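Q: Structural data only, the sequence is not supplied:
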DNA sequence: AGACCGATAATTGGATCCAATCACTGAAAT
DNA sequence: ATTTCAGTGATTGGATCCAATTATCGGTCT
(Lines give C-alpha, C1' and ligand atoms only; values in the text may rest on other atoms or scores of the structure.)
Protein backbone atom coordinates (compact mmCIF):
# COMPACT_ATOMS: atom_id res chain seq x y z
CA UNK A 1 0.00 0.00 0.00
CA UNK A 2 2.35 2.63 -1.28
CA UNK A 3 1.34 6.26 -1.53
CA UNK A 4 0.92 7.19 -5.17
CA UNK A 5 2.76 10.22 -6.49
CA UNK A 6 0.89 13.34 -5.57
CA UNK A 7 0.26 16.19 -7.97
CA UNK A 8 1.99 19.45 -7.20
CA UNK A 9 -1.20 21.16 -6.15
CA UNK A 10 -1.94 18.42 -3.63
CA UNK A 11 1.50 18.77 -2.11
CA UNK A 12 1.23 22.52 -2.06
CA UNK A 13 -2.21 22.30 -0.47
CA UNK A 14 -0.86 20.17 2.35
CA UNK A 15 2.09 22.51 2.84
CA UNK A 16 -0.19 25.53 2.92
CA UNK A 17 -2.35 23.91 5.57
CA UNK A 18 0.68 23.31 7.74
CA UNK A 19 1.96 26.86 7.32
CA UNK A 20 -1.42 28.26 8.27
CA UNK A 21 -1.87 25.86 11.16
CA UNK A 22 1.54 26.51 12.64
CA UNK A 23 1.26 30.24 12.14
CA UNK A 24 4.08 30.56 9.63
CA UNK A 25 1.39 32.30 7.67
CA UNK A 26 -0.43 34.50 10.11
CA UNK A 27 -4.08 35.53 9.97
CA UNK A 28 -4.51 38.69 7.93
CA UNK A 29 -1.20 38.30 6.18
CA UNK A 30 -1.08 38.59 2.42
CA UNK A 31 0.02 35.56 0.50
CA UNK A 32 2.50 36.67 -2.12
CA UNK A 33 2.30 34.02 -4.78
CA UNK A 34 5.82 34.36 -6.10
CA UNK A 35 7.32 33.96 -2.65
CA UNK A 36 5.39 30.84 -1.74
CA UNK A 37 5.71 29.29 -5.17
CA UNK A 38 9.47 29.58 -4.89
CA UNK A 39 9.48 28.36 -1.31
CA UNK A 40 7.54 25.27 -2.34
CA UNK A 41 9.52 24.80 -5.52
CA UNK A 42 6.59 24.97 -7.91
CA UNK A 43 5.14 27.50 -10.30
CA UNK A 44 2.27 29.75 -9.38
CA UNK A 45 -0.34 27.72 -11.25
CA UNK A 46 -0.70 24.78 -8.83
CA UNK A 47 -0.30 27.19 -5.93
CA UNK A 48 -3.24 29.22 -7.13
CA UNK A 49 -5.38 26.14 -7.50
CA UNK A 50 -4.55 25.10 -3.97
CA UNK A 51 -5.44 28.57 -2.77
CA UNK A 52 -8.79 28.33 -4.53
CA UNK A 53 -9.53 25.21 -2.52
CA UNK A 54 -8.60 26.94 0.71
CA UNK A 55 -10.73 29.88 -0.29
CA UNK A 56 -13.70 27.57 -0.66
CA UNK A 57 -13.03 26.28 2.82
CA UNK A 58 -12.83 29.78 4.21
CA UNK A 59 -9.18 29.41 5.19
CA UNK A 60 -8.10 32.28 2.98
CA UNK A 61 -9.92 35.15 1.35
CA UNK A 62 -9.43 36.45 -2.13
CA UNK A 63 -9.78 39.95 -3.52
CA UNK A 64 -9.50 40.20 -7.30
CA UNK A 65 -6.28 41.84 -8.44
CA UNK A 66 -5.21 42.24 -4.83
CA UNK A 67 -4.51 38.68 -3.91
CA UNK A 68 -5.04 36.09 -1.23
CA UNK A 69 -4.96 36.74 2.50
CA UNK A 70 -4.99 34.32 5.39
CA UNK A 71 -8.46 34.50 6.88
CA UNK A 72 -9.00 36.18 10.22
CA UNK A 73 -11.65 35.01 12.63
CA UNK A 74 -13.66 37.65 14.40
CA UNK A 75 -15.19 36.73 17.72
CA UNK A 76 -18.53 36.64 15.94
CA UNK A 77 -17.21 34.24 13.34
CA UNK A 78 -15.89 32.02 16.09
CA UNK A 79 -19.24 31.77 17.77
CA UNK A 80 -20.95 31.09 14.48
CA UNK A 81 -18.51 28.31 13.70
CA UNK A 82 -19.08 26.69 17.05
CA UNK A 83 -22.82 27.06 16.75
CA UNK A 84 -22.72 25.27 13.42
CA UNK A 85 -20.44 22.64 14.87
CA UNK A 86 -22.94 22.08 17.65
CA UNK A 87 -25.77 21.50 15.20
CA UNK A 88 -23.81 19.26 12.89
CA UNK A 89 -21.90 17.28 15.48
CA UNK A 90 -25.09 16.43 17.32
CA UNK A 91 -26.37 14.97 14.09
CA UNK A 92 -23.11 13.15 13.46
CA UNK A 93 -22.83 11.47 16.83
CA UNK A 94 -26.49 10.58 16.87
CA UNK A 95 -26.14 8.87 13.53
CA UNK A 96 -22.89 7.30 14.71
CA UNK A 97 -24.56 5.52 17.61
CA UNK A 98 -27.00 3.94 15.19
CA UNK A 99 -24.15 2.38 13.22
CA UNK A 100 -21.51 1.62 15.81
CA UNK A 101 -20.13 -1.90 16.19
CA UNK A 102 -18.00 -3.44 18.91
CA UNK A 103 -15.03 -3.38 16.58
CA UNK A 104 -15.47 0.38 16.20
CA UNK A 105 -15.47 0.78 19.96
CA UNK A 106 -12.12 -0.94 20.18
CA UNK A 107 -10.65 1.31 17.49
CA UNK A 108 -11.92 4.45 19.13
CA UNK A 109 -10.73 3.40 22.57
CA UNK A 110 -7.33 2.95 20.99
CA UNK A 111 -7.47 6.45 19.54
CA UNK A 112 -8.37 7.86 22.94
CA UNK A 113 -5.24 6.25 24.31
CA UNK A 114 -3.24 7.90 21.55
CA UNK A 115 -4.55 11.27 22.64
CA UNK A 116 -3.52 10.48 26.21
CA UNK A 117 -0.05 9.52 25.05
CA UNK A 118 0.31 12.67 22.96
CA UNK A 119 -0.94 14.80 25.83
CA UNK A 120 1.71 13.40 28.13
CA UNK A 121 4.45 14.51 25.76
CA UNK A 122 2.98 17.98 25.58
CA UNK A 123 3.64 18.35 21.87
CA UNK A 124 0.84 20.58 20.73
CA UNK A 125 0.85 19.48 17.12
CA UNK A 126 0.71 15.81 18.05
CA UNK A 127 -2.14 16.43 20.45
CA UNK A 128 -4.09 18.36 17.84
CA UNK A 129 -3.69 15.52 15.37
CA UNK A 130 -4.59 12.78 17.84
CA UNK A 131 -7.56 14.70 19.14
CA UNK A 132 -8.84 15.20 15.64
CA UNK A 133 -8.41 11.54 14.80
CA UNK A 134 -10.37 10.56 17.88
CA UNK A 135 -13.31 12.82 17.21
CA UNK A 136 -13.51 12.17 13.50
CA UNK A 137 -13.39 8.43 14.02
CA UNK A 138 -16.68 8.93 15.80
CA UNK A 139 -18.09 11.33 13.21
CA UNK A 140 -17.15 8.94 10.41
CA UNK A 141 -19.48 6.34 11.84
CA UNK A 142 -22.37 8.55 10.81
CA UNK A 143 -21.68 7.49 7.21
CA UNK A 144 -22.69 10.95 6.07
CA UNK A 145 -19.81 12.05 3.85
CA UNK A 146 -21.01 15.57 3.21
CA UNK A 147 -21.62 16.18 6.86
CA UNK A 148 -18.13 14.96 7.64
CA UNK A 149 -16.64 17.22 5.02
CA UNK A 150 -18.42 20.22 6.49
CA UNK A 151 -17.19 19.34 9.95
CA UNK A 152 -13.63 19.05 8.66
CA UNK A 153 -13.86 22.54 7.25
CA UNK A 154 -15.29 23.97 10.42
CA UNK A 155 -12.55 22.35 12.48
CA UNK A 156 -9.91 23.64 10.08
CA UNK A 157 -10.98 27.23 10.45
CA UNK A 158 -10.40 27.20 14.17
CA UNK A 159 -7.41 24.87 14.38
CA UNK A 160 -4.97 27.78 14.41
CA UNK A 161 -6.53 29.13 17.53
CA UNK A 162 -7.33 25.82 19.15
CA UNK A 163 -3.71 24.76 19.21
CA UNK A 164 -3.20 27.43 21.83
CA UNK A 165 -5.85 25.67 23.87
CA UNK A 166 -3.77 22.51 24.04
CA UNK A 167 -0.71 24.33 25.32
CA UNK A 168 -2.34 24.68 28.73
CA UNK A 169 -1.79 21.72 31.04
CA UNK A 170 -5.13 22.10 32.80
CA UNK A 171 -6.94 22.08 29.48
CA UNK A 172 -5.08 18.95 28.49
CA UNK A 173 -6.15 17.29 31.74
CA UNK A 174 -9.75 18.18 31.19
CA UNK A 175 -10.09 16.99 27.62
CA UNK A 176 -8.81 13.58 28.65
CA UNK A 177 -11.53 13.29 31.25
CA UNK A 178 -14.11 14.47 28.77
CA UNK A 179 -12.93 11.96 26.21
CA UNK A 180 -13.41 9.22 28.78
CA UNK A 181 -16.96 10.36 29.34
CA UNK A 182 -17.58 10.39 25.61
CA UNK A 183 -16.19 6.89 25.31
CA UNK A 184 -18.39 5.78 28.16
CA UNK A 185 -21.50 7.16 26.56
CA UNK A 186 -20.51 5.55 23.27
CA UNK A 187 -20.11 2.13 24.84
CA UNK A 188 -23.48 2.51 26.50
CA UNK A 189 -24.98 3.65 23.16
CA UNK A 190 -26.49 6.47 25.16
CA UNK A 191 -27.19 9.21 22.63
CA UNK A 192 -28.39 11.81 25.11
CA UNK A 193 -25.32 11.52 27.27
CA UNK A 194 -23.05 11.42 24.23
CA UNK A 195 -24.50 14.62 22.83
CA UNK A 196 -24.37 16.20 26.26
CA UNK A 197 -20.67 15.54 26.70
CA UNK A 198 -19.86 16.70 23.21
CA UNK A 199 -21.63 19.92 24.02
CA UNK A 200 -19.69 20.56 27.20
CA UNK A 201 -16.49 19.52 25.44
CA UNK A 202 -17.12 22.19 22.83
CA UNK A 203 -18.25 24.79 25.30
CA UNK A 204 -15.03 24.46 27.24
CA UNK A 205 -13.12 24.78 24.03
CA UNK A 206 -14.94 27.83 22.73
CA UNK A 207 -14.53 29.83 25.90
CA UNK A 208 -10.78 29.24 25.91
CA UNK A 209 -10.40 30.00 22.26
CA UNK A 210 -12.46 33.17 22.37
CA UNK A 211 -10.16 34.43 25.09
CA UNK A 212 -7.28 33.96 22.67
CA UNK A 213 -8.99 35.78 19.83
CA UNK A 214 -10.14 38.71 21.95
CA UNK A 215 -6.51 39.49 22.83
CA UNK B 1 -24.59 51.17 -9.40
CA UNK B 2 -22.52 49.93 -12.27
CA UNK B 3 -21.14 46.39 -12.30
CA UNK B 4 -17.36 46.46 -12.22
CA UNK B 5 -15.48 44.44 -14.81
CA UNK B 6 -15.41 40.81 -13.77
CA UNK B 7 -12.35 38.66 -13.99
CA UNK B 8 -12.45 35.84 -16.49
CA UNK B 9 -12.71 33.19 -13.82
CA UNK B 10 -15.75 34.88 -12.31
CA UNK B 11 -17.46 35.00 -15.68
CA UNK B 12 -16.55 31.42 -16.38
CA UNK B 13 -17.79 30.36 -12.98
CA UNK B 14 -21.17 31.94 -13.62
CA UNK B 15 -21.36 30.36 -17.06
CA UNK B 16 -20.47 26.95 -15.68
CA UNK B 17 -23.20 27.23 -13.07
CA UNK B 18 -25.74 27.97 -15.77
CA UNK B 19 -24.59 25.09 -17.95
CA UNK B 20 -24.83 22.71 -15.04
CA UNK B 21 -28.16 24.07 -13.87
CA UNK B 22 -29.75 23.93 -17.29
CA UNK B 23 -28.34 20.52 -18.03
CA UNK B 24 -26.11 21.56 -20.92
CA UNK B 25 -23.53 19.79 -18.84
CA UNK B 26 -25.17 16.65 -17.57
CA UNK B 27 -24.42 14.81 -14.33
CA UNK B 28 -21.63 12.31 -14.82
CA UNK B 29 -20.38 13.95 -17.97
CA UNK B 30 -16.69 14.70 -18.30
CA UNK B 31 -15.69 18.31 -18.61
CA UNK B 32 -13.15 18.58 -21.38
CA UNK B 33 -11.21 21.70 -20.57
CA UNK B 34 -10.22 22.61 -24.10
CA UNK B 35 -13.78 22.44 -25.31
CA UNK B 36 -15.22 24.62 -22.59
CA UNK B 37 -12.35 27.06 -22.62
CA UNK B 38 -12.91 27.66 -26.30
CA UNK B 39 -16.68 27.85 -25.87
CA UNK B 40 -16.25 30.51 -23.22
CA UNK B 41 -13.49 32.27 -25.10
CA UNK B 42 -10.86 32.04 -22.40
CA UNK B 43 -7.78 29.95 -21.76
CA UNK B 44 -7.81 26.90 -19.55
CA UNK B 45 -6.26 28.62 -16.55
CA UNK B 46 -9.27 30.64 -15.37
CA UNK B 47 -11.51 27.74 -16.28
CA UNK B 48 -9.57 25.43 -14.02
CA UNK B 49 -9.75 27.87 -11.15
CA UNK B 50 -13.50 28.11 -11.56
CA UNK B 51 -13.70 24.33 -11.59
CA UNK B 52 -11.74 24.20 -8.35
CA UNK B 53 -14.37 26.39 -6.74
CA UNK B 54 -17.14 24.16 -8.00
CA UNK B 55 -15.24 21.14 -6.76
CA UNK B 56 -15.16 22.66 -3.29
CA UNK B 57 -18.89 23.12 -3.50
CA UNK B 58 -19.39 19.53 -4.56
CA UNK B 59 -20.79 20.53 -7.93
CA UNK B 60 -18.07 18.70 -9.83
CA UNK B 61 -15.61 16.00 -8.89
CA UNK B 62 -11.99 15.83 -9.82
CA UNK B 63 -9.76 12.84 -10.47
CA UNK B 64 -6.07 13.68 -10.92
CA UNK B 65 -4.92 13.25 -14.50
CA UNK B 66 -8.38 12.20 -15.52
CA UNK B 67 -10.23 15.46 -15.22
CA UNK B 68 -13.40 17.03 -13.94
CA UNK B 69 -16.83 15.44 -14.04
CA UNK B 70 -20.21 16.93 -13.29
CA UNK B 71 -21.26 15.52 -9.93
CA UNK B 72 -24.00 12.95 -9.73
CA UNK B 73 -26.34 12.73 -6.80
CA UNK B 74 -27.20 9.31 -5.49
CA UNK B 75 -30.47 8.92 -3.66
CA UNK B 76 -28.47 8.66 -0.46
CA UNK B 77 -26.66 11.91 -1.21
CA UNK B 78 -29.99 13.58 -1.82
CA UNK B 79 -31.36 12.55 1.53
CA UNK B 80 -28.18 13.64 3.27
CA UNK B 81 -28.34 17.04 1.63
CA UNK B 82 -31.93 17.51 2.68
CA UNK B 83 -31.18 16.34 6.20
CA UNK B 84 -28.41 18.92 6.45
CA UNK B 85 -30.67 21.55 5.00
CA UNK B 86 -33.25 20.73 7.63
CA UNK B 87 -30.76 21.22 10.44
CA UNK B 88 -29.28 24.40 9.06
CA UNK B 89 -32.44 26.03 7.82
CA UNK B 90 -34.12 25.56 11.19
CA UNK B 91 -31.24 27.46 12.70
CA UNK B 92 -31.38 30.13 10.01
CA UNK B 93 -35.08 30.86 10.28
CA UNK B 94 -34.97 30.80 14.06
CA UNK B 95 -32.20 33.37 14.06
CA UNK B 96 -34.04 35.31 11.37
CA UNK B 97 -37.12 35.81 13.53
CA UNK B 98 -34.92 37.32 16.23
CA UNK B 99 -33.69 39.98 13.80
CA UNK B 100 -36.63 40.66 11.54
CA UNK B 101 -37.98 44.19 11.14
CA UNK B 102 -41.18 45.45 9.58
CA UNK B 103 -39.22 46.71 6.62
CA UNK B 104 -37.88 43.20 6.06
CA UNK B 105 -41.41 41.85 6.05
CA UNK B 106 -42.36 44.21 3.27
CA UNK B 107 -39.36 43.17 1.19
CA UNK B 108 -40.05 39.51 1.65
CA UNK B 109 -43.75 39.88 0.88
CA UNK B 110 -42.66 41.54 -2.32
CA UNK B 111 -40.38 38.62 -3.16
CA UNK B 112 -43.23 36.20 -2.56
CA UNK B 113 -45.26 38.12 -5.12
CA UNK B 114 -42.38 37.78 -7.56
CA UNK B 115 -42.49 34.03 -7.14
CA UNK B 116 -46.22 34.08 -7.83
CA UNK B 117 -45.67 36.13 -10.95
CA UNK B 118 -42.92 33.83 -12.19
CA UNK B 119 -45.06 30.79 -11.45
CA UNK B 120 -47.88 32.16 -13.57
CA UNK B 121 -45.58 32.40 -16.57
CA UNK B 122 -44.42 28.82 -16.06
CA UNK B 123 -40.81 29.63 -16.92
CA UNK B 124 -38.90 27.15 -14.82
CA UNK B 125 -35.68 29.12 -14.65
CA UNK B 126 -37.46 32.27 -13.55
CA UNK B 127 -39.36 30.37 -10.88
CA UNK B 128 -36.18 28.78 -9.58
CA UNK B 129 -34.52 32.16 -9.29
CA UNK B 130 -37.48 33.86 -7.64
CA UNK B 131 -37.99 30.99 -5.22
CA UNK B 132 -34.37 31.14 -4.23
CA UNK B 133 -34.49 34.88 -3.73
CA UNK B 134 -37.51 34.51 -1.49
CA UNK B 135 -36.03 31.86 0.75
CA UNK B 136 -32.58 33.37 1.01
CA UNK B 137 -34.00 36.75 1.87
CA UNK B 138 -35.28 35.02 4.98
CA UNK B 139 -32.08 33.12 5.64
CA UNK B 140 -30.04 36.30 5.27
CA UNK B 141 -31.83 37.79 8.24
CA UNK B 142 -30.03 35.29 10.42
CA UNK B 143 -26.89 37.38 9.94
CA UNK B 144 -24.84 34.21 9.96
CA UNK B 145 -22.70 34.47 6.83
CA UNK B 146 -21.10 31.05 7.06
CA UNK B 147 -24.43 29.38 7.58
CA UNK B 148 -25.82 31.16 4.57
CA UNK B 149 -22.87 30.10 2.46
CA UNK B 150 -23.39 26.48 3.43
CA UNK B 151 -27.05 26.71 2.58
CA UNK B 152 -26.22 28.19 -0.82
CA UNK B 153 -23.98 25.24 -1.55
CA UNK B 154 -26.57 22.73 -0.45
CA UNK B 155 -29.19 24.37 -2.61
CA UNK B 156 -26.82 24.44 -5.56
CA UNK B 157 -26.20 20.73 -5.46
CA UNK B 158 -29.87 19.92 -5.90
CA UNK B 159 -30.93 22.77 -8.18
CA UNK B 160 -30.48 20.64 -11.29
CA UNK B 161 -33.01 18.19 -10.04
CA UNK B 162 -35.30 20.66 -8.36
CA UNK B 163 -35.98 22.53 -11.56
CA UNK B 164 -37.90 19.46 -12.67
CA UNK B 165 -40.04 19.94 -9.60
CA UNK B 166 -41.17 23.34 -10.78
CA UNK B 167 -42.25 22.08 -14.15
CA UNK B 168 -45.30 20.45 -12.58
CA UNK B 169 -48.28 22.76 -12.27
CA UNK B 170 -49.59 21.12 -9.11
CA UNK B 171 -46.23 21.55 -7.45
CA UNK B 172 -46.21 25.20 -8.45
CA UNK B 173 -49.64 25.62 -6.89
CA UNK B 174 -48.55 24.05 -3.66
CA UNK B 175 -45.37 26.02 -3.14
CA UNK B 176 -47.32 29.26 -3.47
CA UNK B 177 -49.62 28.18 -0.67
CA UNK B 178 -46.70 27.10 1.45
CA UNK B 179 -44.96 30.39 0.86
CA UNK B 180 -48.04 32.16 2.13
CA UNK B 181 -47.97 30.08 5.28
CA UNK B 182 -44.30 30.88 5.75
CA UNK B 183 -45.01 34.56 5.31
CA UNK B 184 -47.82 34.32 7.80
CA UNK B 185 -45.64 32.69 10.41
CA UNK B 186 -42.94 35.29 9.78
CA UNK B 187 -45.34 38.19 10.32
CA UNK B 188 -46.51 36.57 13.54
CA UNK B 189 -42.89 36.02 14.58
CA UNK B 190 -43.99 32.48 15.34
CA UNK B 191 -40.80 30.41 15.25
CA UNK B 192 -42.44 27.04 15.79
CA UNK B 193 -44.90 27.50 12.96
CA UNK B 194 -42.21 28.94 10.71
CA UNK B 195 -39.93 25.95 11.25
CA UNK B 196 -42.86 23.61 10.78
CA UNK B 197 -43.80 25.03 7.41
CA UNK B 198 -40.23 25.07 6.23
CA UNK B 199 -40.04 21.40 7.11
CA UNK B 200 -43.14 20.46 5.17
CA UNK B 201 -42.03 22.67 2.31
CA UNK B 202 -38.78 20.70 2.15
CA UNK B 203 -40.43 17.35 2.62
CA UNK B 204 -42.69 17.94 -0.34
CA UNK B 205 -39.68 18.95 -2.37
CA UNK B 206 -37.52 15.98 -1.44
CA UNK B 207 -40.13 13.40 -2.27
CA UNK B 208 -40.65 14.84 -5.73
CA UNK B 209 -36.96 15.20 -6.39
CA UNK B 210 -36.11 11.70 -5.23
CA UNK B 211 -38.64 10.37 -7.70
CA UNK B 212 -36.69 12.15 -10.42
CA UNK B 213 -33.34 10.76 -9.32
CA UNK B 214 -34.57 7.21 -8.92
CA UNK B 215 -35.57 7.25 -12.59
C1' DA C 1 0.98 71.15 5.66
C1' DG C 2 -2.17 68.41 3.29
C1' DA C 3 -4.64 66.77 -0.64
C1' DC C 4 -4.39 65.53 -5.35
C1' DC C 5 -2.34 63.67 -9.35
C1' DG C 6 0.89 60.99 -12.35
C1' DA C 7 4.69 57.86 -13.25
C1' DT C 8 6.78 53.57 -11.83
C1' DA C 9 7.32 49.25 -9.52
C1' DA C 10 5.21 45.20 -7.73
C1' DT C 11 1.76 41.81 -8.00
C1' DT C 12 -1.91 39.38 -9.81
C1' DG C 13 -4.65 37.47 -13.91
C1' DG C 14 -4.49 35.10 -18.16
C1' DA C 15 -2.43 32.90 -22.46
C1' DT C 16 0.63 29.92 -24.47
C1' DC C 17 3.68 26.22 -24.51
C1' DC C 18 5.75 21.89 -22.92
C1' DA C 19 5.73 17.62 -20.06
C1' DA C 20 3.41 13.87 -17.83
C1' DT C 21 -0.27 10.77 -17.51
C1' DC C 22 -4.02 8.18 -19.12
C1' DA C 23 -7.28 5.99 -22.42
C1' DC C 24 -7.60 3.52 -26.55
C1' DT C 25 -6.43 0.79 -30.39
C1' DG C 26 -4.63 -3.19 -32.34
C1' DA C 27 -1.51 -6.94 -32.62
C1' DA C 28 0.61 -10.96 -30.54
C1' DA C 29 0.64 -14.74 -27.33
C1' DT C 30 -1.69 -18.20 -24.59
C1' DA D 1 -11.64 -16.26 -28.00
C1' DT D 2 -9.55 -13.77 -24.38
C1' DT D 3 -5.86 -11.51 -22.24
C1' DT D 4 -1.70 -8.89 -22.34
C1' DC D 5 1.20 -5.59 -23.95
C1' DA D 6 3.13 -1.73 -26.69
C1' DG D 7 2.46 2.30 -29.10
C1' DT D 8 -0.18 6.29 -30.23
C1' DG D 9 -3.34 9.99 -29.58
C1' DA D 10 -5.87 12.80 -26.46
C1' DT D 11 -6.16 15.24 -22.23
C1' DT D 12 -4.61 17.01 -18.10
C1' DG D 13 -0.85 19.20 -15.07
C1' DG D 14 2.61 22.60 -14.72
C1' DA D 15 6.07 26.28 -16.24
C1' DT D 16 6.94 30.33 -18.47
C1' DC D 17 5.73 34.50 -20.47
C1' DC D 18 2.90 38.60 -21.28
C1' DA D 19 -0.95 41.84 -20.05
C1' DA D 20 -3.78 44.20 -16.77
C1' DT D 21 -4.48 46.09 -12.40
C1' DT D 22 -3.19 47.99 -8.13
C1' DA D 23 -0.15 50.06 -4.75
C1' DT D 24 3.58 53.09 -3.86
C1' DC D 25 6.27 56.99 -4.08
C1' DG D 26 7.29 61.94 -5.60
C1' DG D 27 6.06 66.00 -6.99
C1' DT D 28 2.83 69.74 -7.64
C1' DC D 29 -0.87 72.68 -6.56
C1' DT D 30 -3.92 74.90 -3.27
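A: Structure's in. What do you need? Computed from a predicted structure; not experimentally measured. Numbering: from 1, shown residues only, chains lettered A, B, ... in the order given.
Q: Chain B contacts on chain A?
A: A:7, A:10, A:45, A:48-49, A:52-53, A:55-58, A:64-65, A:77, A:80-81, A:83-84, A:87-88, A:91, A:144-147, A:149-150 (C-beta under 8 Å from any C-beta of the partner chain). Any C-beta I mention is one placed from the backbone N, CA and C, and that applies to glycine too.
Q: Report the residue spans of chain A with pLDDT below the cut-off.
A: Filtered on pLDDT under 70, chain A yields the residue ranges A:1-5, A:215.
Q: name the helices or strands packed onto the lengthiest helix in chain A?
A: Secondary structure assigned by DSSP state H gives helix A:75-99 as the longest helix of chain A. In this structure, helix A:75-99 packs against helix A:124-140, helix A:145-166, helix A:191-213, helix B:75-99, helix B:145-166, with contacts taken as 3 or more C-beta pairs under 8 Å, 6 or more residues apart in numbering or on different chains; DSSP states H and E.
Q: Reformat these as TSV; add distance to DNA strand C and mean neighbour count.
A: Shown next, in TSV, are these (distance: least, C-beta to the nearest atom of the strand, whole Å; neighbours: other C-beta atoms under 10 Å in any protein chain shown):
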stretch	distance to DNA strand C	mean neighbour count
helix A:124-140	27	18
helix A:145-166	21	19
helix A:191-213	26	17
helix B:75-99	23	18
helix B:145-166	20	18
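Q: Including distance to residue A:114, could these go into JSON lines?
A: Converted to JSON lines, the helices and strands packed on helix A:75-99 look like this (distance: least, C-beta to C-beta, whole Å):
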{"stretch": "helix A:124-140", "distance to residue A:114": "5"}
{"stretch": "helix A:145-166", "distance to residue A:114": "14"}
{"stretch": "helix A:191-213", "distance to residue A:114": "17"}
{"stretch": "helix B:75-99", "distance to residue A:114": "29"}
{"stretch": "helix B:145-166", "distance to residue A:114": "31"}
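Q: ok so, going back, so the longest helix of chain A versus helix B:75-99, what angle?
A: With axes from the mean of the first three to the mean of the last three C-alpha atoms, to 10 degrees applied, the angle from helix A:75-99 to helix B:75-99 works out at 140 degrees.
Q: could you check the angle helix A:124-140 makes with helix A:75-99?
A: Angle between the axes of helix A:75-99 and helix A:124-140 is 50 degrees (criterion: the same axes, to 10 degrees).
Q: Next SSE downstream of helix A:75-99?
A: Reading on from helix A:75-99 to the C-terminus, the next helix or strand found by DSSP states H and E is helix A:102-121.
Q: chain center to that following helix, what's the gap?
A: Helix A:102-121 sits 17 Å away from the centroid of its parent chain (C-alpha atoms, centre = their mean, to the nearest Å).
Q: buried set for that helix?
A: For helix A:102-121, burial by neighbour count (16 or more other C-beta atoms under 10 Å in any protein chain shown) applies to A:104, A:108, A:111, A:112, A:114, A:115, A:116, A:118, A:119.
Q: same question, stretch A:179-187
A: Under the neighbour-count criterion of 16+ other C-beta under 10 Å, stretch A:179-187 has A:179, A:181, A:182, A:183, A:185, A:186 buried.
Q: again, but for stretch A:13-23
A: For stretch A:13-23, using 16+ other C-beta under 10 Å, the buried residues are A:13, A:15, A:16, A:17, A:19, A:20, A:21.
Q: Just name the closest of the residues you listed to residue B:138, please.
A: Distance ranking of the buried residues of stretch A:13-23 against residue B:138, using C-beta to C-beta, places residue A:20 first at 34.2 Å.
Q: residue contacts, residue A:206?
A: A:78, A:79, A:82 (C-beta atoms under 8 Å, 6 or more residues apart in numbering or on different chains).
Q: and the last one, what does it touch?
A: Meaning residue A:82. The contact partners of residue A:82, by C-beta under 8 Å, 6+ apart, come to A:158, A:202, A:205, A:206.
Q: ok, the third one to residue A:197 distance?
A: Same thing as residue A:205. In this view, residue A:205 and residue A:197 are 13 Å apart by C-beta to C-beta, to the nearest Å.
Q: go on, the first one?
A: Applying C-beta to C-beta, the value for residue A:158 to residue A:197 is 19 Å.
Q: Would you mind giving the buried residues of helix A:102-121 as a markdown table with distance to residue B:132 added?
A: A markdown table is the format used below for the buried residues of helix A:102-121 (distance: C-beta to C-beta, whole Å):
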| residue | distance to residue B:132 |
| --- | --- |
| A:104 | 40 |
| A:108 | 41 |
| A:111 | 42 |
| A:112 | 44 |
| A:114 | 45 |
| A:115 | 43 |
| A:116 | 49 |
| A:118 | 46 |
| A:119 | 47 |
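Q: Centre-most residue in chain A?
A: For chain A, the residue lying nearest the average C-alpha position, counting by C-alpha atoms, centre = their mean, turns out to be residue A:155 (3.4 Å).
Q: circling back to that earlier point, what about the longest helix of chain A, distance to the chain center?
A: From the chain centre to the centre of helix A:75-99 is a distance of 13 Å (C-alpha atoms, centre = their mean).
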